[in-house]
Every structure is written in structure tokens, then in C-alpha cells.
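A.B. asks: Below are the sequence and a predicted model for it; my questions follow.
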Amino acid sequence: MLTDRQKDILQIIIRDYTRTGMPVGSKALAEEFPTHVSSATVRNDMAALESKGLITKTHFSSGRVPSIEGYRYYVDNLVQPDPLDEGAEDLIKTSFNSEFNRIDEIVQESAKVLSDLTNYMALTFNPESGDNLKLGGFRLVKLDDRQVMAIIVTNTGHVIDKIFRLANVSSEQLETIVNIINSELVGKPLKDVMDKLKFDIPMLMTKYIQTPEGFLKIFGDMLDEAGRDKVHVDGELNLLKFAERQNVDRLKPLYNLLGTEDSVSKIIDPNSKDVQVRIGGELRNDLLKDYSIITGTYDLKEYGHGVIAVIGPTRMPYSKVIGIVGALREELTKKLLGYYDDDNQ
């Protein structure tokens, strides 16, 4: 249990260390304290905070810096989200007032806005629709005698296309395949579509194509991709600004880690509620021990839910970033719900 003065001291240490990156000493703390207090009193309270593991002494100075436990206590008990300033509000409104044709475009734009506002790396996930994700449309476009482009669209506006070879198939046969897919599968949940691909559809296809297995495998792979979490990333290079010199070599494997959707999905909890902060070792990956991740869930009711996230150093202004994440997820929710409402009219 901390006294009110110890809480104030911890907040000042975190605020100053966030701003300067330098350890904070008792003399500077006493000068910044809102009421008169002696350096000796401050030193006693700093010693108490250190004994609780909330601050630690560095090798280079007599000052103190926050520990991971200190940041955790601060985030859980002391931090208050900052309201958006006028410039941030204008940026969000201007960005979301653009014309968007797909859900992907809106969520990608939110990643850019989040990175621009925080100056950190941002990741945003498309809404996970679960059983509500359905096949919205299917097309085959013959590019030449050997190449065909397959295009599928989900009911959320997610588009997947793939070019493949399909020899000795006429345009009439392609049209028949498209008609079969659209009449039998469009409008059904993706899990039902996958089930039908195993039995019903192959039997229908064999009447028109001698060996439909290759096409059906490609179609199945595209459906798998449509059903996976879609992650949008912006501001990757911002990590360079905050890497300590001795840790620059760690950035390449970190970028590799954050460059694959499967890895990112394991780091970012898709079921997190509201706005959450995970710090350093809580991320359970040595490459992320000097970083924090702030996530915000946006809930689209029957259309599913998604996540926005910021990756930055443990020495970040949590009140500011938490405020931005909270505000942006609310605006993103409004924009996406408006998109669905317009689409259903």
C-alpha cells in the first residue's frame, strides 16, 4: 500500500523518465513536488518505493527509474487517459470522412492514423465475424489460354484473388463453374462452404471438368485466407527511434516476428476487452521485453469484433497513448457500423 506522497513521487518519476530518458534524483523530485517537501523526505519515500520493487537504481546515476512493476502499478492504479487534443480529433475525423469501398480500407486507415498520432508502430485487425462471415460472391476471369483469376468476396467486403493455371477449360465451362458456386454457396457461412467443398461441390463439378481437384484446392485455400485474421501494420520504422544502441541488432528478428500474421495473432490477444496494457515480460517473448503493447477492442455487435494495438517502448506516455487508443476505437466502431448499415440498405 502506497501513501499519497509515494504515489505522487512514482508518477513524477515515470513522467520525467518518459520525457527525458534520464534517471530522476531526489533533489529534482523535491523541486517538482506540488507542495514543499525536503530532499530527505523524498529520499525516504524513494527508498520505500525501491524496496517494493517499483523503482530501481541505475549503474550510471544516483537517480531512479521505473521498474516493470512500477509501470504496472502506475497503469493499474494511477493513470488517467488524456483527452484528445484538437489536432488529434481533426486528424481522425478527416481520415474517416474519406470514401471507402471495403472494410479492409477502413481498418488499414485506422492503423495509419494510430501510428501518426502516437509515433509508434500500430497494428489493426479486421473484425472477426465468426459464424457471421459468409461468402458474398465469386468470379472467374480467364486471362489467357492457360491462366485464370479467381476472385471471392466475403459479406464484410474482404476480397481475395488468386491467379492459377487451368488448362483445357473453355469460357463456357468457367461460366458454369461460377454459376454452380454462386447458386450453391454464396450467402452461406464460410464453415458451411468448406463442408460442401468436400462432398457436394466435387460431384457437381465432375460433370463439367474432368479433374476439378486442383481448382477446388485453390478455392479452399482462398476461403481459408478469407477466414483468417487480417492484420494491417503501419509505422514499423518508428521502433528504430526508441531502440537502445545495444539493442538495435534485436530489431531484425523483432521485425520478422511482427511481420507474420500468425505470430502477431499470438502476441495480440484478440479476446481482450476494452483498453488493456501489457508490459515487458508480460508479453512472454524475449524480443519484446523492452516494449509495451496497448490494445483496444472494437465491438461491432452481430458483425464481430476486432482489435487495434500500439507497440512502443516501456518508456512511453501511457496516459496519452491509452487516451488515443480509447478514442480511436470508438470512432472506428462508429465508422464500421455505419459502413455495414449503408451496405444493408
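C.D. replies: Arrived safely, thanks for sending.
A.B. asks: C-alpha from now on. contacts and neighbour counts both.
C.D. replies: OK.
A.B. asks: Past the helix or strand harbouring residue 115, which element shows up next along the chain?
C.D. replies: In the assignment (DSSP states H and E), residue 115 maps to helix 103-118. On the C-terminal side of helix 103-118, the closest following helix or strand by DSSP H and E is strand 121-125.
A.B. asks: Distance from that following strand to the middle of the chain?
C.D. replies: 3 Å (Cα atoms, centre = their mean, to the nearest Å).
A.B. asks: ok and it relative to helix 103-118, angle-wise?
C.D. replies: Orientation check (axes from the mean of the first three to the mean of the last three Cα atoms, to 10 degrees): strand 121-125 against helix 103-118 gives 150 degrees.
A.B. asks: Mind giving me the packing neighbours of strand 121-125?
C.D. replies: If you count contacts as 3 or more Cα pairs under 8 Å, 6 or more residues apart in numbering; DSSP states H and E, strand 121-125 packs onto helix 103-118, strand 231-234, strand 305-313.
A.B. asks: need these in TSV with distance to residue 333 and mean pLDDT, can you?
C.D. replies: Formatted as TSV, those follow (distance: least, Cα to Cα, whole Å; pLDDT from 0 to 100):
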stretch	distance to residue 333	mean pLDDT
helix 103-118	10	94
strand 231-234	16	90
strand 305-313	9	92
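A.B. asks: tell me the most buried of the ones you listed?
C.D. replies: Scoring the helices and strands packed on strand 121-125 by mean neighbour count under mean count of other Cα atoms under 10 Å gives strand 305-313 as the most buried, with a mean of 25.
A.B. asks: Spatially nearest residue to residue 219 (excluding sequence neighbours)?
C.D. replies: Distances taken as Cα to Cα, 6 or more residues apart in numbering place residue 150 nearest to residue 219, at 7.9 Å, with adjacent residues excluded.
A.B. asks: thought the one you found was touching residue 161?
C.D. replies: Yes: using Cα atoms under 8 Å as the test, residue 150 is close enough to residue 161 to be in contact (5.5 Å).
A.B. asks: and these two? which has more neighbours close in?
C.D. replies: residue 150 (20 against 15; other Cα atoms under 10 Å).
A.B. asks: Show me the strands in the stretch 101-250 of the chain, by range?
C.D. replies: All strands of the stretch 101-250 of the chain, identified by DSSP state E, counting those that start in this stretch, fall at 121-125, 135-142, 147-154, 159-165, 231-234.
A.B. asks: Many thanks, have a good one.
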